[in-house]
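Asks: Give me the fold of what follows.
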Amino acid sequence: MSLQDKTVFITGASRGIGAAAARGFAACSANVALLARNSGAIADLAEEIGARAIAIPCDVSQYGEVEAAVAACVKAFGGLDIVIGNAGVIEPIAPLAEVDPEAWGQVIDINLKGVFYGMRAALPVMRKAGKGTILTISSGAAHHALEGWSAYCSSKAGAAMLTRCADLENRAAGLRIMGLSPGTVATDMQREIKASGVNPVSALDWSDHIPPEWVAKALLWMCSADSDAFLGQEISLREEGIRKRVGLT
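Replies: Below you'll find the predicted structure:
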């Protein structure tokens, strides 16, 4: 599909994968709605991108704020074509027997409920239009338990199943829904993981991680017909065949 004048709604857009995706889609002449709690960062990014971008301060753990953000996006650009559920946190990294319950629950609020809230607010708009693409950012942690990551693993597993449910319910209505598991990405989250010293992921070298621009390129590819065979599935950017299809080396 051509991305000319399409409207993309990106959560967690202040840095990392979200910011790289915003730049990538804008470079393809799409409009981008940038959501994050860090209002200053998304305002700066919107200014960098120009007229095709709007900054919408939003806490994705609050449905009312997400619903209002979707409405603001539609008002600004006249529609909504693509949703990227990217916002996510990994802290607290701690054993189940010691982790703070409130902090554990906040990970679920952002990583799982935040993805649901984005879908819930966008689906009526997309179903009315008879088209739209929803992409979620998954993780190998959705399928493999890791020490200290119980909240992150559980939230990502839940979001992966949510993505499958959304596809099952909405593909016949013309919507394209799938997930992307990028592997480890060189973002601030990896700095938090490194500092924790917990489980094998913290032992990885910075050079082991892929750049967020690779993930952005994969998300762009997932908006094309070439990815239609993967609807309802989780695409792994660790797979060499997928990297070749995306155009990564």
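Asks: By residue count, what's the longest helix in this protein?
Replies: Ranked by residue count, the top helix of the chain under DSSP state H comes out as helix 150-170.
Asks: Which strands and helices lie in contact with that one?
Replies: Helices and strands touching helix 150-170, by 3 or more C-beta pairs under 8 Å, 6 or more residues apart in numbering; DSSP states H and E, are helix 101-108, helix 114-129, strand 132-137, strand 175-181. Heads up, the C-betas are built off the backbone N, CA and C, glycines and all.
Asks: Now do the first one: which elements does it pack against?
Replies: In this case it means helix 101-108. Looks like helix 101-108 contacts helix 150-170 (3+ C-beta pairs under 8 Å, 6+ apart).
Asks: Would you list the phi and psi of the residue in the chain sticking out farthest from the centre?
Replies: Most distant from the centre of the chain: residue 97, at 29.5 Å, with distances by C-alpha atoms, centre = their mean. Phi and psi for residue 97, reported as degrees, to the nearest 10, are phi -70, psi -10.
Asks: Now do the contacts for residue 53.
Replies: Neighbouring residues of residue 53 by C-beta atoms under 8 Å, 6 or more residues apart in numbering: 22, 26, 31-34, 45-46.
Asks: Nearest to residue 134 among the residues you listed?
Replies: Nearest to residue 134 among the contacts of residue 53: residue 33, at 14.1 Å, using C-beta to C-beta.
Asks: how about the strands of the chain, start to end?
Replies: 7-10, 31-36, 53-57, 82-85, 132-137, 175-181, 234-236 (DSSP state E).
Asks: Throw those strands into a markdown table and include distance to residue 68 and mean pLDDT, thanks.
Replies: Shown next, in a markdown table, are these (distance: least, C-beta to C-beta, whole Å; pLDDT from 0 to 100):
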| stretch | distance to residue 68 | mean pLDDT |
| --- | --- | --- |
| strand 7-10 | 12 | 98 |
| strand 31-36 | 11 | 98 |
| strand 53-57 | 8 | 98 |
| strand 82-85 | 15 | 98 |
| strand 132-137 | 19 | 98 |
| strand 175-181 | 22 | 98 |
| strand 234-236 | 30 | 97 |
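Asks: Distance of the residue most central in space within the chain relative to residue 241?
Replies: In the chain, the residue lying closest to the centroid (C-alpha atoms, centre = their mean) is residue 86, at 1.9 Å. The spacing between residue 86 and residue 241, counted by C-beta to C-beta, to the nearest Å, is 24 Å.
Asks: just residue 228 next, same as before
Replies: When residue 228 is compared with residue 241 (using C-beta to C-beta), they lie 16 Å apart.
Asks: Please name the residues that touch residue 8.
Replies: Residue 8 touches 21-22, 25, 30-33, 81-84, counting by C-beta under 8 Å, 6+ apart.
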